[in-house]
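**Q** Build me a model from this:
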Amino acid sequence: MTTGYRIGIGHDTHRLAEGGPLRLGGLDIEHDRHAVGHSDADVLLHAITDAVLGAAALGDIGELFPDTDEANHGRDSAEMLQLAYGKVVEAGYSLVNLDCIVFVQQPKLSSHKTAIRQRIAAILKIDPAAVGVKAKTGEGVDSVGREEAIMAQCVALLIQTKE
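**A** I've put the predicted structure just below:
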């Protein structure tokens with residue numbers, strides 16, 4: 001068997017609205033704003049889902065879980081990620097690591113990053129050491145900085161496990 005590596009990138013942005021909590025990385029974080037979306041609007045899990053699907057050339061989150069399907073209204077993004085990653089494994093790949101960035105002005109995420117990493121690892125059944133999570137602000141200059149939006153990006157590295 002030849003060993004191959006595949007890299008995927010995921011990105012997601014959601015508008016923020018009054019009222020909390022903020023769903024991020026599969027956790028509810030206390031905040032006075034929440035992300036608005038068709039599902040539970042977890043930008044980090046959506047970016048991860050797109051990254052792993054893209055690395056395996058299996059499409060994207062919108063193809064697998066279209067917002068035109070009422071079954072996806074309010075859907076738990078952790079469930080969506082598990083289903084998507086199951087397709088990646090079926091296609092013959094395994095996750096090596098994730099490197100993610102969350103762009104949000106508030107709340108500050110430094111005290112939440114370990115719990116977020118552990119939750120993502122639990123969802124994917126991988127070692128938390130394989131999950132990197134960083135946080136950046138918008139420095140007040142864009143929709144993130146003005147606290148109008150939250151954004152996440154993620155890079156996923158897969159290794160081929162079967163031909």
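**Q** Show me the strands in this structure, by range?
**A** In the chain, strands defined by DSSP state E lie at 5-18, 22-24, 27-29, 33-35, 93-103, 131-136, 149-160, listed in chain order.
**Q** Tell me how far the spatially most central residue of the chain lies from residue 75.
**A** Taking Cα atoms, centre = their mean as the criterion, residue 45 is the residue nearest the geometric centre of the chain, at 2.2 Å. In this structure, residue 45 and residue 75 are separated by 11 Å, where distance is defined by Cβ to Cβ, to the nearest Å. Quick note: C-beta positions are derived from backbone N, CA and C, even for glycine.
**Q** Run through the chain and note the low-pLDDT ranges.
**A** Scanning the chain for pLDDT under 70 picks out 1-3.
**Q** Wait, residue 6 touches residue 55, no?
**A** Yes - the pair residue 6 and residue 55 passes the contact test of Cβ atoms under 8 Å, sitting 4.3 Å apart.
**Q** Looking at the two, which is more packed in?
**A** Counting neighbours by other Cβ atoms under 10 Å for residue 6 and for residue 55 shows that residue 55 has the greater number, 22 against 18.
**Q** List the contacts of that one.
**A** Shown in contact with residue 55 (Cβ atoms under 8 Å, 6 or more residues apart in numbering): 6, 7, 8, 88, 93, 156, 157, 158.
**Q** and the two most separated of these?
**A** Using Cβ to Cβ, the pair of the contacts of residue 55 lying farthest apart is 7 and 88, separated by 13.0 Å.
**Q** so residue 163 makes contact with residue 4?
**A** No - at 9.2 Å, residue 163 and residue 4 do not qualify as touching, with contact defined as Cβ under 8 Å.
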